[in-house]
Structure formats: structure tokens, C-alpha cells
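Colleague: Just a sequence and a predicted model for now, questions to come.
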Amino acid sequence: MAARARARLDPAHWDFFAGGAGNERTLRDNEDAFERWRIVPRVLRSPGERDLRTSLFGDELATPVLVAPTAFHGLAHPAGEVATARGAADVGTVMVVSMAATAPVERIAMAGGPLWFQLYPQPDLTFTESVVKRAEAAGCRALVVTVDSPVFGRRERDLRNGFLDLPPGLLCENMRDDTGRVRNIAMDPDLGWQRIEWLRGVTGLPILLKGVLHPADARLAVAHGVDGVVVSNHGGRQLDGVVATVDALPAVVEAVGGRLPILLDGGVRRGTDVLVALALGATAVLVGRPVLWGLAADGADGVRNVLQRLTTELDQGLALAGAARPADLTGDLVVARP
Ligand SMILES: Cc1cc2nc3c(=O)[nH]c(=O)nc-3n(C[C@H](O)[C@H](O)[C@H](O)COP(=O)(O)O)c2cc1C
Ligand SMILES: CC(C)CC(=O)C(=O)O
């Protein structure tokens, strides 16, 4: 799928999607870290028909594999985020709509599947509030606040390619303000916990923090009353050299102690990767680049195929490890490779 996507994409756009920050150590390590875990299956547990349904914030999803928020789907396919949303709706999972989507959230919502909205809180609070209200009105069921981006990461492929902005015809449609102007997305170096408290007062939607890696921050998230945490390093696109997400997961799980659902993204490429993340305590995972490759290769069908493949692989992995449900995946079923 990645090869077919690459063949179809403008090389600079491929680099934007595929690339990471700095030396891309973290980008590589997210996938490599899954290589360091092995499964220790149970036998004779009669897993029977597996049941992958996963409840999050009162909604039931068909699978614990969700679509991570990624920018600029219009570069990958003419139908952009609308096609992605169709693919996700077909498999019964959540698409997290990026604040940098190239389609308006109202149109993405017409695909009919469950959506969450990813927010980069903007220094302009009035505008930030209006974006949140807009996502709510479009039917988004949760707010995913990205907290790993006080400044933009140093993506050397983009610097080399001079890829700075969207080509003519594409805009960040959800950055349109009430004068009709499309604003640039600002990364806010002053973003702090008080802004999370402010957001709590602005919306009744569940709030997830995306980009937590340190267990102390996970504890603070609990203390600030957020509803979920996404263990993420932004797909290796922000600070290079950051710990791989599956390596950071166990300490975050321990710090949270079951008080919040923990999601993970970064490097999930196989159903067995999902299995390992769930066994280590994640409730669900999100996938970024594989969805983009599906979208670029085949539009909504490609997105559906990617999500279905991961789900089928997970289903088979559950059976072969002696589990019927994601909740049966406990920490004793995985071991770090010596
Ligand atoms: C091309 C691209 C664009 C992204 N855009 C956003 C974004 O707008 N907001 C955000 O919070 N994360 C963004 N991310 C990070 C993803 O949500 C996610 O953390 C990451 O892609 C997961 O890793 P994976 O690609 O290895 O699955 C982006 C990632 C990629 C690859
Ligand atoms: C263009 C940015 C707003 C999104 C992005 O590339 C990212 O978050 O990695």
C-alpha cells in the first residue's frame, strides 16, 4: 500500500506524510520498538467467536483501531478527508479530524461515522472557542487536544523540499473565521494546564490530551480532570530522539492506574502491534500513515482496507493468543525480548 501511495504522490507530499523530525530516530523507533516485544500466548482457552467491540466515552466502536488526526488529506486524494471518513465509517470506527483538515468538518461529518476533533489551541481564545463550538455542532464526540507542539518540529525533508504551504485550491477549511478569512494554525509556546481548565469550561465534550509520554504528565492529566490520554510522539514529527510510544506506555499506564482510558499511536502497522499495545494497557490505538497510504492508493476503499486488515489481524491474533475480547489481553501475554 505504501509503495502504491508513493507512486501516486508528488515526491514532496510523500516526504511531508512519511517524514519525521531531525534524524528521524523516533520515527524509526516507533516501529522498531514493537519488534522488541513478543507475545506469550495462552492455550485451551476456547476463545470462540471474538468480540472486538470497544467502548469509548459512551460510544461503541467495532474495533479498537481508530484513525489518527493527520493534516492535508486533500494532498493524498481529491476527496480528501471525506473519503477517509467514509472508510472509517465503513468499519465502524472513529476518525479523529485534524484541525489541519482540507475539508470542512461539516462535510466530513456527512460520511456518517463517529468523529472526534483534534485541536491545536490557538492563542486567540475567542477563535479557539468558535472552532470547538463548530466541531460540536458538526457532531464531533470528543476533543483531542494536541499538547506536544508548543513549537513546530524540525522536519528536514520539508525544509529541503521547500514544502511550506498547501498548493492553490487547498485550504485548512476549519481555520476559517467569521470574517471568512482562513487563518494559519499557530503553535502556542504559552500553552499550559490553565488552558486545559479553560477548555473544560468551554465544552462538555470529553477532552483527551494527545502527546503525553511522561508518567508525571499522565498524573497531572488525571488531576486536571481530563477524560483520556493519547500516548503519542506525533509520529516522530516533533522532537526527534523522543522515546518510542510503546516503550513509554507501561509507565503511563501505571501512573494512571485505570482512572482514564489510555490510547496509543505511533508505529502501529500490524494487528499484532495492536495486540501488544492493548496487552500493555492501552484501550485502543490510532493509526496515522497507513491510513494516508490507503487514502492515496485507493480513496475510501483504501482506508477501509487498511482498517479492516488491521482489525482482521487483531482478531486472528486474539484467537491465537487465547483471548476472546480486547479486555482479555493482559500484561502477562507479552514479554520484552532479551
Ligand atoms: C502527515 C501527518 C500529519 C499529521 N498531522 C497531525 C495533526 O494535524 N494534528 C495532530 O495532532 N497530529 C498530527 N499527526 C500525528 C498523528 O496524529 C499521529 O500521532 C502519528 O501519525 C501516529 O504515528 P503513525 O503515523 O506511525 O501511525 C500527523 C502525522 C502525519 C504523519
Ligand atoms: C501542518 C501541521 C499543522 C500538521 C502536521 O504536519 C503535523 O501535526 O504533523
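Modeller: Perfect, I can see it now. Ligands and ions are numbered 1, 2, ... in the order given.
Colleague: buried set for stretch 117-129?
Modeller: For stretch 117-129, burial by neighbour count (16 or more other Cβ atoms under 10 Å) applies to Phe117, Gln118, Leu119, Tyr120, Pro121, Gln122, Thr128, Glu129. C-beta coordinates here come from the backbone N, C-alpha and C atoms, glycine included.
Colleague: and the first one, helix, strand or coil?
Modeller: Put plainly, it is Phe117. Under the three-state scheme (DSSP: H, G, I helix; E, B strand; the rest coil), Phe117 adopts strand.
Colleague: Show me which residues of the stretch 201-338 of the chain sit near ligand 1.
Modeller: Lys210, Ser232, His234, Gly235, Arg237, Asp265, Gly266, Gly267, Val268, Val287, Gly288, Arg289 (Cβ under 6 Å from any ligand atom).
Colleague: Could you rerun that using 8 Å?
Modeller: Contact residues (Cβ under 8 Å from any ligand atom) of the stretch 201-338 of the chain with ligand 1: 210-211, 230, 232-237, 245, 265-269, 286-292.
Colleague: ranges for the helices of the stretch 151-300 of the chain?
Modeller: 156-161, 193-202, 215-223, 245-256, 271-279, 289-321 (DSSP state H, counting those that start in this stretch).
Colleague: Turn the ones you listed into CSV, columns for mean neighbour count and mean pLDDT.
Modeller: Shown next, in CSV, are those (neighbours: other Cβ atoms under 10 Å; pLDDT from 0 to 100):
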stretch, mean neighbour count, mean pLDDT
helix 156-161, 15, 98
helix 193-202, 14, 98
helix 215-223, 17, 98
helix 245-256, 21, 98
helix 271-279, 25, 98
helix 289-321, 22, 98
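Colleague: Start and end of stretch 162-170, how far apart?
Modeller: 17 Å (Cα to Cα, to the nearest Å).
Colleague: Just the mean pLDDT for that stretch, thanks.
Modeller: Averaged over stretch 162-170, pLDDT sits at 95.
Colleague: With ligand 2 in mind, check whether it reaches it.
Modeller: No - applying Cβ under 8 Å from any ligand atom, one finds stretch 162-170 separated from ligand 2 by no less than 8.8 Å.
Colleague: In that stretch, which residues are buried?
Modeller: So, applying 16+ other Cβ under 10 Å, buried residues of stretch 162-170: Phe163, Leu166.
Colleague: Now do it: distance to the chain's middle.
Modeller: Offset of stretch 162-170 from its chain centre (Cα atoms, centre = their mean, to the nearest Å): 23 Å.
Colleague: Just want the residue of the stretch 201-338 of the chain that's nearest ligand 2.
Modeller: Going by Cβ to the nearest ligand atom, ligand 2 is nearest to Arg237 of the stretch 201-338 of the chain, at 4.3 Å.
Colleague: ok, that residue - contacts?
Modeller: Each residue near Arg237 by Cβ atoms under 8 Å, 6 or more residues apart in numbering is listed here: Gly19, Gly20, Ala21, Leu27, Gly153, Arg155.
Colleague: What strand or helix carries the fourth one?
Modeller: For Leu27, the host element (DSSP states H and E) is helix 25-35.
Colleague: among the residues of the stretch 201-338 of the chain next to ligand 1, which ones are buried?
Modeller: 210-211, 230, 232-237, 245, 265-269, 286-292.
Colleague: Need the three-state assignment for Ala103.
Modeller: coil.
Colleague: gap between Arg200 and ligand 1?
Modeller: Applying Cβ to the nearest ligand atom, to the nearest Å, the value for Arg200 to ligand 1 is 19 Å.
Colleague: hang on, that residue packs against Ile207?
Modeller: Yes - judged on Cβ atoms under 8 Å, Arg200 makes contact with Ile207 at a distance of 6.6 Å.
Colleague: from the residues of the stretch 201-338 of the chain next to ligand 1, which ones fall inside strands?
Modeller: Lys210, Gly211, Val230, Asp265, Leu286, Val287 (DSSP state E).
Colleague: Adding distance to Leu275 and pLDDT, write those out as CSV.
Modeller: Below are these laid out as CSV (distance: Cβ to Cβ, whole Å; pLDDT from 0 to 100):
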residue, distance to Leu275, pLDDT
Lys210, 22, 99
Gly211, 24, 98
Val230, 19, 99
Asp265, 15, 99
Leu286, 15, 99
Val287, 14, 99
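Colleague: Now for the residues you listed: which two are most distant?
Modeller: Largest separation among these by Cβ to Cβ: Gly211 and Val287, giving 16.2 Å.
Colleague: Could you tell me what pLDDT the model assigned to the residue of the stretch 201-338 of the chain closest to ligand 2?
Modeller: Looking at Arg237, its pLDDT is 98.
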